[in-house]
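1. predicted model, plus sequence, below.
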Amino acid sequence: MASEANTTGTQCCIVGGGPAGMMLGYLLARAGVKTVVLEKHGDFLRDFRGDTVHPSTLRIMDELGLLDAFLERPHQKLRTLSAVFGAERVQLGDFGGLPARYAFIAMMPQWEFLDFLSGRARSLAAFTLRMQANVTGLIVGADGRVAGVRGSSPEGDFELRADCTIGCDGRHSTVRAAAGLAVEGLGAPIDVLWFRVGRDPAGQDSSLARVAPGHFVVTIDRGDYWQCAFVIPKGGAEALQGQDIAVFREQVVATAALLAPHIADVRSWDDVKLLTVAVDRLLQWSRPGLLCIGDAAHAMSPIGGVGINLAVQDAVAAANLLAEKLRAGTVTEADLDEVRKRRLWPTKATQAMQVTIQNNVLVPVMSADVGAELHVPLPMRVLTAVPVLQRLLARLLGMGVRPEHVRSPVA
Ligand SMILES: Cc1cc2nc3c(=O)[nH]c(=O)nc-3n(C[C@H](O)[C@H](O)[C@H](O)COP(=O)(O)OP(=O)(O)OC[C@H]3O[C@@H](n4cnc5c(N)ncnc54)[C@H](O)[C@@H]3O)c2cc1C
């Protein structure tokens, strides 16, 4: 139980300082809503958050007047999308059809993205960020309305009362579980092993994915190293990790030969993190006093690298719909449900794309026998042959379905 001294109040409490929470915190504070973001970790320096800042997010940054400063942070610009499929290179996307200021994916470690946004947000009087604040439950009034959260921090247990609580705490959301919101699972047959391998800076092929029968390796160029994802069948980690690390290194190099010179960087299983993948969504995103957005409302798989951007779009939509009402203290449950109504269609469309790719590309590749011949799927052949389709796909992937514009006010 929190002492009285550890009980505070605010207009909006955001649980989770990921892309959704940090963008929403910034936008609400910018609109003059007293906002507290609670983040359970002590920093953003975790390695497995995803690295892609898509054109839709770059455009939001531009609308906020932040794009030039943002792009001063270390990043690589990915202007086309290609993969190596068996022995063939496939060309999948070309962002050249988008306005030049955001005609690329910025491959930026997510801690840079979050550090940048939180730095800007901290300069706003209405914004507070509390790190190492782990939310463990909800405060629920006698009328059933959520009235804030309780949690623990190095200073002790705390309670934060709020007119509105917004769960942005990701795919293992404590908030959505505590609120008893029902989840619909869409099935994710894969998990991911996440590791780094050194990269020689000059002239290396920067294809994003390397595919061989039985294996799929994602290689994200981070300048002096590759951030790699080795896709495995769901639940397959234990069997693999029971073997010598050399077996894993061989499997990786057999699919992605360009990693061979520095594969010894993966010294033991301690250098390899297991990331579990989920694709699901809530049936209801809100109840009185509470809303969930981002992965807390709809967990995304890594396919397409779109989850961060969808989370940011949710945050922009939520701020557009709620900022003025939050400031005036008049938000109703119907207002909160407007966010779900606005974002459900983009979410469904994006998750359908992820599930289609995972079932029609990933599963066949993963279940192919090592050494078997790998055929490039027909849609990939067509894309490779028709540049205009590459531009269309890049626009769809880069801007997403029904992209948002910033309409929330500046206080
Ligand atoms: C293996 C893998 C790779 C991925 N790669 C990409 C990619 O390259 N590009 C991409 O766009 N998407 C990627 N995704 C999807 C992407 O990670 C998510 O869709 C995106 O991070 C969602 O953002 P979010 O802000 O909703 O949640 P998160 O990014 O999960 O952020 C949630 C935040 O809440 C905090 N938190 C959690 N619980 C609590 C609590 N109880 N109290 C306080 N704080 C809490 C967490 O520490 C975290 O900071 C990947 C997903 C997986 C599984």
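-> Okay, I see it.

2. how about the residue in the stretch 51-200 of the chain positioned nearest to the ligand, secondary structure?
-> Closest contact between the stretch 51-200 of the chain and the ligand, by Cβ to the nearest ligand atom, is at residue 170 (2.6 Å). (Glycine included, C-beta is placed from N, CA and C.) The three-state label given to residue 170 by DSSP: H, G, I helix; E, B strand; the rest coil is coil.

3. and for residue 335?
-> Each residue gets one of three states, and residue 335 gets helix by three-state DSSP.

4. what's the neighbour count on it?
-> A count of neighbours around residue 335, defined by other Cβ atoms under 10 Å, yields 16.

5. count of residues packed around the residue of the stretch 51-200 of the chain closest to the ligand?
-> Residue 170 has 22 nearby residues by other Cβ under 10 Å.

6. quick check: residue 182 vs residue 288, distance?
-> 16 Å (Cβ to Cβ, to the nearest Å).

7. in the worst-scoring helix or strand of the chain on mean pLDDT, which residues are buried?
-> Ranked by mean pLDDT, DSSP states H and E, the weakest helix or strand in the chain is helix 363-367, scoring a mean of 81. Applying a neighbour-count criterion of 16 or more other Cβ atoms under 10 Å, one finds 365, 366 buried in helix 363-367.

8. which is the next helix or strand following it?
-> helix 378-385 (DSSP states H and E).

9. in the helix or strand following that next one, what's buried?
-> Counting by DSSP H and E, the next helix or strand C-terminal to helix 378-385 is helix 387-399. For helix 387-399, a neighbour-count test (16+ other Cβ under 10 Å) marks 389, 390, 391, 393, 394, 395, 397, 398, 399 as buried.

10. that older thread, need the residues that contact the least confident helix or strand of the chain.
-> 189, 190, 211, 213, 214, 215, 216, 231, 232, 233, 374 (Cβ atoms under 8 Å, 6 or more residues apart in numbering).

11. most surrounded residue in those?
-> Most neighbours among those, by other Cβ under 10 Å: residue 211, with 27 neighbours.

12. these two touch, right, that residue and residue 87?
-> No - in this structure, residue 211 is not within contact of residue 87 by Cβ atoms under 8 Å, at 10.5 Å.

13. and the helices in the stretch 51-200 of the chain?
-> Secondary structure of the stretch 51-200 of the chain (DSSP state H, counting those that start in this stretch): helices located at 55-63, 67-70, 110-122, 174-178.

14. just how off-centre is the last one within its chain?
-> Pointing back at helix 174-178 there. Centroid separation for helix 174-178 versus its chain: 19 Å, with Cα atoms, centre = their mean, to the nearest Å.

15. check stretch 266-273 too.
-> Worked out by Cα atoms, centre = their mean, stretch 266-273 lies 23 Å from the chain centre.

16. possible to save the helices of the stretch 51-200 of the chain as TSV with distance to residue 408?
-> Shown next, in TSV, are those (distance: least, Cβ to Cβ, whole Å):
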stretch	distance to residue 408
helix 55-63	11
helix 67-70	18
helix 110-122	14
helix 174-178	22
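
17. would a markdown table of those helices with mean neighbour count and distance to the ligand be doable?
-> A markdown table is the format used below for the helices of the stretch 51-200 of the chain (neighbours: other Cβ atoms under 10 Å; distance: least, Cβ to the nearest ligand atom, whole Å):
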| stretch | mean neighbour count | distance to the ligand |
| --- | --- | --- |
| helix 55-63 | 22 | 9 |
| helix 67-70 | 15 | 16 |
| helix 110-122 | 19 | 7 |
| helix 174-178 | 21 | 4 |
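
18. mind putting those into a markdown table with mean pLDDT?
-> Formatted as a markdown table, these follow (pLDDT from 0 to 100):
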| stretch | mean pLDDT |
| --- | --- |
| helix 55-63 | 98 |
| helix 67-70 | 98 |
| helix 110-122 | 95 |
| helix 174-178 | 98 |
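
19. please state the offset of stretch 295-306 from the chain centre?
-> A distance of 6 Å separates the centroid of the chain from that of stretch 295-306, by Cα atoms, centre = their mean.

20. and that stretch, end to end?
-> End-to-end distance of stretch 295-306 (Cα to Cα, to the nearest Å): 11 Å.

21. so it, near the ligand or not?
-> Yes - contact of stretch 295-306 with the ligand (Cβ under 6 Å from any ligand atom) involves 295, 296, 300, 302, 305, 306.

22. go on, stretch 22-36?
-> No - Stretch 22-36 does not reach the ligand (Cβ under 6 Å from any ligand atom); its nearest approach is 7.5 Å.

23. span of that stretch from start to end?
-> Termini of stretch 22-36 sit 10 Å apart (Cα to Cα).

24. for the residue lying closest to residue 108 once chain neighbours are set aside, list the residues it contacts.
-> On the basis of Cβ to Cβ, 6 or more residues apart in numbering, the spatially nearest residue to residue 108 that is not a chain neighbour turns out to be residue 75, at 3.9 Å. Counting by Cβ under 8 Å, 6+ apart, residue 75 touches 53, 106, 107, 108, 112.

25. please redo it, this time with the cut-off set to 7 Å
-> Residue 75 is in contact with 106, 107, 108, counting by Cβ atoms under 7 Å, 6 or more residues apart in numbering.

26. quick check: ChimeraX command selecting the buried ones in those residues.
-> A single ChimeraX command selects the buried members of the contacts of residue 75 (16+ other Cβ under 10 Å):
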select :106,107,108
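
27. up against the ligand, what does the stretch 1-150 of the chain have?
-> Residues of the stretch 1-150 of the chain that fall close to the ligand, judged by Cβ under 6 Å from any ligand atom: 15-21, 38-41, 49-52, 134-135.

28. out of those residues, which are inside helices?
-> 19, 20, 21 (DSSP state H).

29. neighbours of the spatially closest residue to the last one that is not a sequence neighbour, just the number please.
-> Same thing as residue 21. Closest residue in space to residue 21, ignoring its immediate chain neighbours: residue 168 at 3.4 Å, by Cβ to Cβ, 6+ apart. Residue 168: 32 surrounding residues under other Cβ under 10 Å.

30. likewise residue 344?
-> Per other Cβ under 10 Å, the neighbour tally for residue 344 reads 15.

31. what's in contact with the one helix or strand it maps to?
-> In the assignment (DSSP H and E), residue 344 maps to helix 333-357. Helix 333-357 has contacts (Cβ under 7 Å, 6+ apart) with 186-187, 279, 281, 285-286, 288, 291, 293, 298, 300-301, 303-304, 306, 310, 313-314, 317-318, 321-322, 325, 400-402.

32. from the residues you listed, which land in strands?
-> By the criterion of DSSP state E, membership of these in strands covers 281, 286, 291.

33. nice, that's everything, thank you.
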